[in-house]
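Q: Predicted model, plus sequence, below.
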Number of protein chains: 2
Amino acid sequence: MSDDKTNENGVSRRQMLIGAGAVAAGAAVSSFAGWVEQAQAADGSTEKWPWPYVKLDPQETAEIAYKEWYRIFCGGAVISSVIGQLREKVGGPYKSFPIDGFVFLEGGQVGWGTICGSPAGANIVANMIIGPRIAGSAVGHHIAADNMDFYSKASMPVFVPKNPKIDPSKIVHTVSDSPLCHISVGKWMKESGLPLKSAERKDRCARVAASSAYRLVEMLNAWHDGTYEKTNDFSCSKENGITGQYNCDDCHGDNVPEAPGA
Amino acid sequence: MSDDKTNENGVSRRQMLIGAGAVAAGAAVSSFAGWVEQAQAADGSTEKWPWPYVKLDPQETAEIAYKEWYRIFCGGAVISSVIGQLREKVGGPYKSFPIDGFVFLEGGQVGWGTICGSPAGANIVANMIIGPRIAGSAVGHHIAADNMDFYSKASMPVFVPKNPKIDPSKIVHTVSDSPLCHISVGKWMKESGLPLKSAERKDRCARVAASSAYRLVEMLNAWHDGTYEKTNDFSCSKENGITGQYNCDDCHGDNVPEAPGA
């Protein structure tokens, strides 16, 4: 059974061989029957990981996410841009994953300003495809951290769509230093002087979703090729004894409390 | 077609009649065949809402969530406690929803301290069952806000399991005033003086997940009965012109910035 051993990227040798052959031959969906059987059991279970994956074009994915933002907003758009393509190209478990159910990720979950839907959606996608860390691979876990790290540190929005609804020169760029919607949108509104309901703010968020989808697919493709390496090693619980992000003094100022037992 | 009109709770008259009859008769899973057909189309799509729902026992659901926390942590536990039961009692779209994929919700998404997995998981469940607001009912959206409102204002953990792993008298209660993991766990750690890795903190979080599942099922049952009413009317974007939670000065102090256009 050594051929079916799962490597550190959660991809079995057998899958890699099948995948390489199928992609090289430009094979039709039916070629993935074996994968689908593995990923979606007869009882309909989708809890066998990793789900079959074929490499996607980051640019094309980002264009889809940009358009989808105007239908199902940030979290839904990122999920749709990847899962939607894989529904067509692979089928299997992607067909039953309810993309449109994730509209509520908008505005940091129904407008409460918690985690932005773009990294939240990207985290869902990575963990649906690669699986949870308890299923044998920690790559989905690491990509989630990388999604949030990228989102926090990039000068957003990074992506410029082919046919932007708003002149790109009217969209200022800001660094959120946080994966939270309230902080990311708040910093952008402060810099631009534009309100939440402005067309520019909406297009900025559509491009943030597209940027997040682009980066996510780069990482998923690298994972599929066996070349993914996590871009950050941050663990707030290890460093500070509590869950959290990397920049304590942004909120706490000089008065960062010490966690019990830290 | 008036019999198939969807009411404001997203439940069609036909579904309510079928549901009432099926529950009253203690009917077996096969009685739900009509629902399943409606909720999961031949192509495997689960994007027809609402998904078939039968009322669950909040106490039993919370006990499941408490136990599941020790396997798949906060977000996974809340999702498993509801979706897992509905897999057995209904089948259909619940069978293909990948519960275990949501382990990454732990620690506010892989330890980054953003939204706690308990409300994040509860928001997912409500929106998978009732559907997104673009599908005709805003109840999933409202229940998500209520999940976060309950989580923020309750003296947590509310739920006491039948067979607690830790003596309940050793678990202090705190009000987070936020749906964020970092703030909720941080306030509890400050009050208790106990570290993140303590058995008490873990059991506290398991009970928070159970408390969230209990409240969620109360609301889902009310929605199913047509008696759900949202418990809060808060909209930060309407009141303050930005996404966010209700207590601006908790973070901003006396220096709450005014949003452009607010």
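A: Yep, it's here.
Q: in the strand or helix carrying residue A:61, what's buried?
A: With the criterion set as DSSP states H and E, the secondary-structure element containing residue A:61 is helix A:58-89. Going by neighbour count (16 or more other C-beta atoms under 10 Å in any protein chain shown), the buried part of helix A:58-89 is A:58, A:61-69, A:72-87, A:89. Where you see a C-beta, it was placed from the backbone N, CA and C, and this is true even at glycine.
Q: contacting residues for the nearest residue to residue A:131 once chain neighbours are set aside?
A: For residue A:131, the nearest residue in space outside its immediate sequence neighbours is residue A:49; the separation is 2.6 Å by C-beta to C-beta, 6 or more residues apart in numbering or on different chains. By C-beta atoms under 8 Å, 6 or more residues apart in numbering or on different chains, residue A:49 lies in contact with A:10, A:39, A:129-132, A:135-137, B:101.
Q: before we move on, what SS does residue A:49 have?
A: The assignment at residue A:49 comes out as coil when based on DSSP: H, G, I helix; E, B strand; the rest coil.
Q: same question, the one 4 residues further on
A: Using three-state DSSP, the secondary structure recorded for residue A:53 is coil.
Q: got the contact list for it?
A: A:19, A:86, A:90, A:129, A:220, A:223-224.
Q: again, but for residue A:116
A: Contacts of residue A:116 (C-beta under 8 Å, 6+ apart): A:74, A:108, A:151, A:179-181, A:184-185, A:208.
Q: now, which of those lie within strands?
A: Here DSSP state E is the test, and those give no hits in strands at all.
Q: Just name the closest of those residues to residue B:229, please.
A: Each of those was checked against residue B:229 using C-beta to C-beta; the closest is residue A:108, at 24.3 Å.
Q: Ramachandran coordinates for that closest one?
A: The phi and psi values for residue A:108, taken as degrees, to the nearest 10, are phi 70, psi 40.
Q: From chain B, how far off is it?
A: For residue A:108, the distance to chain B (C-beta to the nearest C-beta, to the nearest Å) stands at 5 Å.
Q: now residue A:206
A: Using C-beta to the nearest C-beta, one obtains 15 Å as the distance from residue A:206 to chain B.
Q: did I read that right, that residue in a helix?
A: Yes: applying three-state DSSP, one finds residue A:206 inside a helix.
Q: check contacts around it.
A: By C-beta under 8 Å, 6+ apart, the contact list for residue A:206 reads A:65-66, A:69-70, A:74, A:77, A:161, A:165.
Q: out of those residues, who's nearest residue A:253?
A: Nearest to residue A:253 among these, counting by C-beta to C-beta, is residue A:74 at 29.6 Å.
Q: Could you pull up the residues touching that closest one?
A: Residues near residue A:74 by C-beta under 8 Å, 6+ apart: A:105-106, A:116-118, A:121, A:205-206, A:208-209.
Q: Now flag whichever of these is closest to residue A:246.
A: If you rank these by distance to residue A:246 using C-beta to C-beta, residue A:116 comes first, at 16.3 Å.
Q: Can you pull the phi/psi pair for the residue lying closest to residue A:111 once chain neighbours are set aside?
A: Spatially, and ignoring its direct neighbours in sequence, residue A:111 is nearest to residue B:243 (5.0 Å; C-beta to C-beta, 6+ apart). Geometry field for residue B:243 lists phi and psi as phi -60, psi 150, criterion degrees, to the nearest 10.
Q: any idea how far stretch A:110-128 is from the chain center?
A: For stretch A:110-128, the separation from the chain centroid amounts to 8 Å (computed by C-alpha atoms, centre = their mean, to the nearest Å).
Q: got it, and stretch A:176-185?
A: From the chain centre to the centre of stretch A:176-185 is a distance of 16 Å (C-alpha atoms, centre = their mean).
Q: same check, this time on stretch A:115-134
A: 6 Å.
Q: average pLDDT for it?
A: Confidence for stretch A:115-134, expressed as mean pLDDT, is 98.
Q: So which bits of it are buried?
A: Buried residues in stretch A:115-134, defined by neighbour count with 16+ other C-beta under 10 Å: A:115-133.
Q: Restricted to helices, list those.
A: Counting by DSSP state H, the members of the buried residues of stretch A:115-134 that fall within helices are A:117-130.
Q: could you list every residue that touches the residue nearest to residue A:149 when sequence neighbours are not counted?
A: Counting by C-beta to C-beta, 6+ apart, the nearest residue to residue A:149 once its immediate chain neighbours are dropped is residue A:232, at 4.6 Å. With contacts defined as C-beta under 8 Å, 6+ apart, residue A:232 is in contact with A:145-146, A:149.
Q: just the residues you listed now: which is nearest chain B?
A: Minimum distance to chain B across these is 5.2 Å, recorded for residue A:145 (C-beta to the nearest C-beta).
Q: correct me, but that closest one touches residue B:112?
A: Yes: taking C-beta atoms under 8 Å as the contact criterion, residue A:145 and residue B:112 are neighbours in contact, 7.0 Å apart.
Q: who's more crowded, these two?
A: Taking neighbours as other C-beta atoms under 10 Å in any protein chain shown, residue A:145 and residue B:112 compare with residue B:112 leading, 29 against 24.
Q: and the more buried one, backbone torsions?
A: Dihedral angles (degrees, to the nearest 10) for residue B:112: phi -80, psi 0.
Q: pLDDT weak spots in chain A?
A: Scanning chain A for pLDDT under 70 picks out A:1-45.
Q: before we move on, back to that, quick check: the farthest pair among the contacts of residue A:74?
A: Longest distance between any two of those is 14.1 Å, between A:105 and A:206; criterion C-beta to C-beta.
Q: Next one: residue A:257 relative to chain B, how far apart?
A: Noted for residue A:257: a distance of 7 Å to chain B, by C-beta to the nearest C-beta.
Q: got the contact list for the spatially most central residue of chain A?
A: Nearest to the mean C-alpha position of chain A, counting by C-alpha atoms, centre = their mean, stands residue A:122 at 1.7 Å. With contact taken as C-beta under 8 Å, 6+ apart, residue A:122 is in contact with A:78, A:143-144, A:147, A:212-213, A:215-216.
Q: which parts of the stretch 151-262 of chain A sit against chain B?
A: Counting by C-beta under 8 Å from any C-beta of the partner chain, the residues of the stretch 151-262 of chain A lying close to chain B are A:179-182, A:185-186, A:189-190, A:192-198, A:235-237, A:241-245, A:251, A:257, A:259-262.
Q: Which entries within these meet the buried criterion?
A: Using 16+ other C-beta under 10 Å as the threshold, A:179-182, A:185-186, A:189, A:192, A:194-196, A:198, A:235-237, A:241-245, A:259-260 are the buried ones among those.
Q: before we move on, the earlier item: going by distance to residue B:156, which of the contacts of residue A:49 wins?
A: With C-beta to C-beta as the yardstick, the closest approach to residue B:156 among these comes from residue A:132, at 25.0 Å.
Q: burial count for the closest residue to the closest one other than its chain neighbours?
A: Taking C-beta to C-beta, 6+ apart as the measure, residue A:132 lies nearest to residue B:103, with 3.6 Å between them; neighbours along the chain are not counted. The number of residues packed near residue B:103 is 25, by other C-beta under 10 Å.
Q: wait, doesn't residue B:103 sit right on residue B:73?
A: Yes: distance between residue B:103 and residue B:73: 6.0 Å, which falls inside the contact criterion (C-beta under 8 Å).
Q: circling back to that earlier point, which other helices and strands contact the next helix or strand after the helix holding residue A:61?
A: The C-terminal neighbour of helix A:58-89 among helices and strands, as given by DSSP H and E, is helix A:92-95. In terms of contact count using 3 or more C-beta pairs under 8 Å, 6 or more residues apart in numbering or on different chains; DSSP states H and E, helix A:92-95 is assigned the packing partners helix A:33-39, helix A:58-89.
Q: show me what contacts residue A:123?
A: Residue A:123 is in contact with A:143-144, A:147-148, B:104, B:109-110, counting by C-beta under 8 Å, 6+ apart.
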